[in-house]
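Asks: What shape does this take:
(one chain, ligands or ions: 1)
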Amino acid sequence: MKKTTPKQKKIPERRCTGCGGTFPKKELVRVVRSPEGEVSLDFTGKKSGRGAYICPRLDCLKKARKAGRISRSLECAVSEEVYTALEEEIALMEKEREEE
Ligand SMILES: [Zn+2]
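Replies: Numbering: from 1, shown residues only. Model (predicted):
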C-alpha cells in the first residue's frame, strides 16, 4: 500500500519565459513594465505593472532573450540595459547558489 500525503500548500506559480517551466513565484526573477512603459527588474514582486518571469539561470535568460519572449510577454521592447542588468543579477544568484 502506498502512502499518500495530500499535504500540499498552494504556492503561486509562474511560468519562466526561458524554459517554459512553472515554478513558485518567489523563486523566479520578475521583470516588470511600469504603467509608464519603463522596464525594470523587480526582486520584491511588489512593483506594479505587467510582469514577466524567469528562472535565475543564465540558460533561461539566454533562451528567453533569443526568442524575444520577455518583450513579447511584456508587450514592449526590452532594452540592452535591462538584459545586462538581468544577466548580472542572475550570474550573482547562480554564484550564490554554488557557494551554498
Ligand atoms: Zn527557466
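Asks: so where do the strands sit in this structure?
Replies: Here the chain has its strands, by DSSP state E, at 13-15, 22-24, 29-33, 39-42, 50-54.
Asks: Quick one: closest of the ones you listed to the ion.
Replies: Taking Cβ to the ion, strand 50-54 is the member of the strands of the chain nearest to the ion, at 6.1 Å. C-betas here are computed from N, CA, C, even on glycine.
Asks: Give me the mean pLDDT for the closest one.
Replies: Regarding strand 50-54, the rounded mean pLDDT is 96.
Asks: can you map out the helices along this protein?
Replies: For the chain, the helices defined by DSSP state H occupy 58-67, 69-74, 80-99.
Asks: Let me have those in CSV, adding distance to the ion, mean neighbour count and mean pLDDT as columns.
Replies: CSV is the format used below for the helices of the chain (distance: least, Cβ to the ion, whole Å; neighbours: other Cβ atoms under 10 Å; pLDDT from 0 to 100):
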stretch, distance to the ion, mean neighbour count, mean pLDDT
helix 58-67, 3, 17, 97
helix 69-74, 10, 20, 96
helix 80-99, 10, 13, 94
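Asks: Thanks a lot, catch you later.
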